[in-house]
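>>> My questions are about this predicted structure, shown below with the sequence.
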Amino acid sequence: MKSGILAVAVTLLLSTILAGQCRAQQAAQANIPFSFTVGDKTLPSGEYQIQAVLSVSNKVQSVRLSDGSASAIALTTEADPKGKVSKGKLVFNCYGHEYFLSQIWSGDGVGRQLQESRREKDLARGEAPNEVALLVHVPNVQR
């Protein structure tokens, strides 16, 4: 009986904490005018929302069309800035007409690096990528 009550209490506590964190972080928005790949999933062009799945670590990022019809989840690591990053942006590696989401920058100097897919690694052996950066709208968050 006591273990059942404890399990319910812990579940309620965790759900309250996680719900508060999800509300505190708003999604960045970007209009991406080309199809692109996240991991092994190709997404169509459109208006996207990008945000951390859990704001505690930001390691897992969600990329989804605003209408919810397409989405992908990406495991990321901390990106190394090559200078000051003052605006939110998405960085894509481009090989010919194929675009791969490479980095997500929040605008406060914090960036996340996505892992290269097998397809991107194969293309990278034959040529160096062109980098394409798109600005994202990052709403101010009141905490």
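Structure received.
>>> Pull out the buried positions in stretch 107-114.
Across stretch 107-114, burial judged by 16 or more other C-beta atoms under 10 Å covers G107, G111, R112, L114. Placement of C-beta: from N, CA and C, glycine included.
>>> Once you drop chain neighbours, what's closest to S71?
Leaving aside its sequence neighbours, S71 sits nearest to R64 (C-beta to C-beta, 6 or more residues apart in numbering; 3.4 Å).
>>> element containing the one you found, please.
Assigned by DSSP states H and E, R64 falls within strand 60-65.
>>> May I have the strands that pair with that strand, each with its orientation?
Here strand 60-65 has these sheet partners by DSSP bridges: strand 46-52 (antiparallel), strand 71-78 (antiparallel).
>>> which one of these has the most crowded surroundings?
strand 46-52 (a mean of 19; mean count of other C-beta atoms under 10 Å).
>>> contacts for it?
25-32, 58-67, 70, 90, 104, 136 (C-beta atoms under 8 Å, 6 or more residues apart in numbering).
>>> can you pull the alpha-carbon coordinates of the strand holding R64 into PDB?
Extracted in PDB, the C-alpha atoms of strand 60-65 (Å, rounded to 0.1, in the frame of the first residue of the first chain):
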ATOM      1  CA  VAL A  60      17.100  15.900 -27.900                       C
ATOM      2  CA  GLN A  61      15.600  18.300 -30.400                       C
ATOM      3  CA  SER A  62      12.200  18.200 -32.100                       C
ATOM      4  CA  VAL A  63      11.800  19.500 -35.600                       C
ATOM      5  CA  ARG A  64       8.200  19.600 -36.900                       C
ATOM      6  CA  LEU A  65       6.000  21.200 -39.400                       C
END
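>>> Show me how far it is from its chain's centre.
Relative to the centre of its chain, strand 60-65 is centred 5 Å away, using C-alpha atoms, centre = their mean, to the nearest Å.
>>> So for that strand, what gets flagged as buried?
Q61, S62, V63, R64, L65.
>>> Name the residues linked to the last one by a beta bridge.
Beta-bridge pairing of L65, defined through DSSP bridges, involves Y48.
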